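**Q** can't give you the sequence, but here's the structure:
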């Protein structure tokens, strides 16, 4: 697949992730092995201290990693997250979160990714989370789409 | 704190997690060192294949672990997730997810938790995810509440 | 494979793990989906505070999980650790460590395991570590043995 | 502490990690927030397929992260690994392993590190593992040294 086809595939699939729409996330950068997702602040996304919920920080980091992995897949294959681990280093505060996912090791059965989440607070960027993830490659069949 | 006070503390704090309301999660069981959170199916919570988003499976597992840890805290201390790792063993499908969080090791600075997520699909329960988490104990001050 | 053949397979493979002999570990219990490895104290296994090195605690936990997974494999398949995460909850002290590995989810491509490490100190057992692991199934060919 | 004092502290502490001597590991590079440990091939360090045991790959990665964290500590504080997660992306083969540990986030209570392990095989370097770790800061007292 050429880079335009890859980008279209990723953006179309992201548009079908209803959960990303629910929380207000948007696909920013897409290139081979590298995807960035942005999440503007919303009061509905907070935990009890007013920070963005750690699970949601993880959600955009996981999605960024998964889509980075998907950029490396042939047309008949997709990926599902097998596992991820995230270190939440600082509370996620501010006007925008940006999750960056990168492919560290492509593969036919497993794709290993790493990523970071940054919080932009009054224009300053802070590194708030660190993720590593294993994506399992699945052959698409029947009604399993990207 | 007695068990009624602990349960009230947990339920009040959960009620302030706006994100849990956004996704439709509810606090089910609360007892010392053990918390269960339920998430009924909602179309707005899905990823591109129609499964519940893995990040949201992680979110309720993380919350269940965090609240299990909070049941062990004195009044002037709260917890924040330092890290978690989740294995997503099967796609999360069906009418309800149930996340169970348990304290494995209480502590004054770190609390170690483990948990599981089950999917109830046509009345059958399937074990879909496995989490371990480290909660950092924070002393409450100023406007940091539970 | 019947249970005697499985146990023989595991013990023969363990006997070929030179590293386990180097550190003095021994295979204790083997049954379907459950393996226990013991490591008596040795001064050569310590870190700078005199505790057993955390990496070695992880090593026996990883081996216990890997062999638990191998008990579920057909003859022509083996496993390699794809990833693991370990929480080291207490320093590993005392006369013996015992690592328990269990299969949580068998599979044809991935096997998910969890495990615990206990330290036996003056006859008292303490839970010192908690592991979760993903084992990748590999088909054996050429010179790749168990 | 100045950089010479930090380096001396790290090398002295490493020299007391008996387990690192048992497996033949040596401290290579030490600078603020960055440590590299090397492990030449030894038959006694292998698992059943002849690869270096994954637990040992993890051990040198964990030590590299721990010592990277220790470079950031004041004289009266040390670190213990609270948890780590490692992705073992390729079998560890070849004549030498090199583990690189880096501090991602220093702190007074927790230090977050990441690291990589490379295998040098016939002069070619391959990225074989990816680690993230949480180090807990401990105040030294009594007989707890670095």
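**A** Thanks, I have the structure now. Every value quoted in this text rests on a predicted model; they were computed, and no experiment measured them.
**Q** residues in contact with residue A:139?
**A** A:76-77 (CB atoms under 8 Å, 6 or more residues apart in numbering or on different chains). All C-beta spots, glycine's among them, are computed from the backbone N, C-alpha and C.
**Q** Now it. Its backbone dihedrals?
**A** Torsion angles at residue A:139 (phi, psi; degrees, to the nearest 10) stand at phi -80, psi 140.
**Q** Can you give me the pLDDT of it?
**A** According to the prediction, residue A:139 has pLDDT 89.
**Q** Can you spell out which residues form a bridge with it?
**A** Per DSSP bridges, the residues bridged to residue A:139 are residue A:77.
**Q** Just want to check the distance between it and residue B:50.
**A** According to CB to CB, to the nearest Å, residue A:139 and residue B:50 sit 18 Å apart.
**Q** just residue A:18 next, same as before
**A** 9 Å.
**Q** do residue A:22 as well
**A** Residue A:22 is 14 Å from residue B:50, by CB to CB.
**Q** the more surrounded of those two?
**A** A direct count of neighbours by other CB atoms under 10 Å in any protein chain shown for residue A:22 and residue B:50 places residue A:22 higher, at 19 against 14.
**Q** so where do the helices sit in chain A?
**A** A:3-15, A:18-23, A:54-70 (DSSP state H).
**Q** so which of those helices gets nearest chain B?
**A** Smallest distance to chain B across these (CB to the nearest CB): 2.4 Å, for helix A:54-70.
**Q** is the closest one up against chain B anywhere?
**A** Yes: against chain B, helix A:54-70 shows contacts by CB under 8 Å from any CB of the partner chain at A:54-56, A:58-63.
**Q** Report the inter-axis angle for that helix versus helix B:54-70.
**A** Helix A:54-70 and helix B:54-70 are oriented at 150 degrees to each other (axes from the mean of the first three to the mean of the last three CA atoms, to 10 degrees).
**Q** Near chain C, which residues of chain A? Just list them.
**A** Counting by CB under 8 Å from any CB, chain A sits next to chain C at A:82-83, A:85, A:109-110, A:132, A:134, A:136.
**Q** The closest residue to residue A:74 other than its chain neighbours: neighbouring residues, count only.
**A** Residue nearest to residue A:74 in three dimensions, not counting chain neighbours: residue A:1, with 7.4 Å by CB to CB, 6 or more residues apart in numbering or on different chains. Residue A:1: 14 surrounding residues under other CB under 10 Å.
**Q** Same question for residue A:11.
**A** By other CB under 10 Å, neighbour count at residue A:11 equals 12.
**Q** Give the closest residue to it in space, chain neighbours not counted.
**A** That would be residue A:27: by CB to CB, 6+ apart, it lies 5.7 Å from residue A:11.
**Q** Quick one: low-confidence residue ranges for chain A.
**A** Applying pLDDT under 70 to chain A flags the ranges A:142-146.
**Q** Run through the strands of it in chain order.
**A** A:26-31, A:34-40, A:77-88, A:96-105, A:110-121, A:124-139 (DSSP state E).
**Q** Among these, single out whichever gets nearest to residue C:93.
**A** Residue C:93 lies closest to strand A:77-88 among the strands of chain A, at 27.0 Å (CB to CB).
**Q** what about that closest one, distance to the chain center?
**A** 9 Å (CA atoms, centre = their mean, to the nearest Å).
**Q** Identify the residue nearest the geometric centre of chain A.
**A** residue A:64 (1.8 Å; CA atoms, centre = their mean).
**Q** My guess is that residue contacts residue A:97. True?
**A** No: using CB atoms under 8 Å, residue A:64 makes no contact with residue A:97, being 10.6 Å away.
**Q** Give me every residue in chain A lying close to chain D.
**A** So chain A meets chain D at A:85, A:87, A:89-90, A:104-105, A:112, A:114, A:127, A:130, A:132, A:134 (CB under 8 Å from any CB).
**Q** With distance to residue C:33 as extra columns, can I get these in JSON lines?
**A** Formatted as JSON lines, the residues of chain A next to chain D follow (distance: CB to CB, whole Å):
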{"residue": "A:85", "distance to residue C:33": "24"}
{"residue": "A:87", "distance to residue C:33": "31"}
{"residue": "A:89", "distance to residue C:33": "36"}
{"residue": "A:90", "distance to residue C:33": "40"}
{"residue": "A:104", "distance to residue C:33": "31"}
{"residue": "A:105", "distance to residue C:33": "29"}
{"residue": "A:112", "distance to residue C:33": "26"}
{"residue": "A:114", "distance to residue C:33": "31"}
{"residue": "A:127", "distance to residue C:33": "40"}
{"residue": "A:130", "distance to residue C:33": "33"}
{"residue": "A:132", "distance to residue C:33": "27"}
{"residue": "A:134", "distance to residue C:33": "22"}
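**Q** so how far is residue C:5 from residue A:52?
**A** 53 Å.
**Q** Between the two, which is the more surrounded one?
**A** More crowded of residue A:52 and residue C:5, by other CB under 10 Å: residue A:52, with 24 against 10.
**Q** which residues does the more buried one contact?
**A** Per CB under 8 Å, 6+ apart, neighbours of residue A:52: A:39, A:41, A:45-46, A:92-93, A:97, A:119, B:19.
**Q** how about the residues you listed, which pair is most distant?
**A** A:119 and B:19 (15.8 Å).
**Q** Max pairwise distance over the residues of helix A:54-70 next to chain B: which two?
**A** Checking the residues of helix A:54-70 next to chain B with CB to CB, the most distant pair is A:54 and A:63, at 15.0 Å.
**Q** which residues touch residue A:132?
**A** A:84-85, A:104, A:112-115, C:83, D:85, D:87, D:130, D:132.
**Q** Most neighbours among those residues, please name it.
**A** residue A:113 (31 neighbours).
**Q** Wait, residue A:55 touches residue B:56, no?
**A** Yes: counting by CB under 8 Å, residue A:55 touches residue B:56, with 7.0 Å between them.
**Q** Go through the strands of chain A and name the closest to residue B:71.
**A** strand A:77-88 (20.5 Å).
**Q** tilt between the closest one and strand D:96-105?
**A** Using the same axes, to 10 degrees: strand A:77-88 against strand D:96-105 is 60 degrees.
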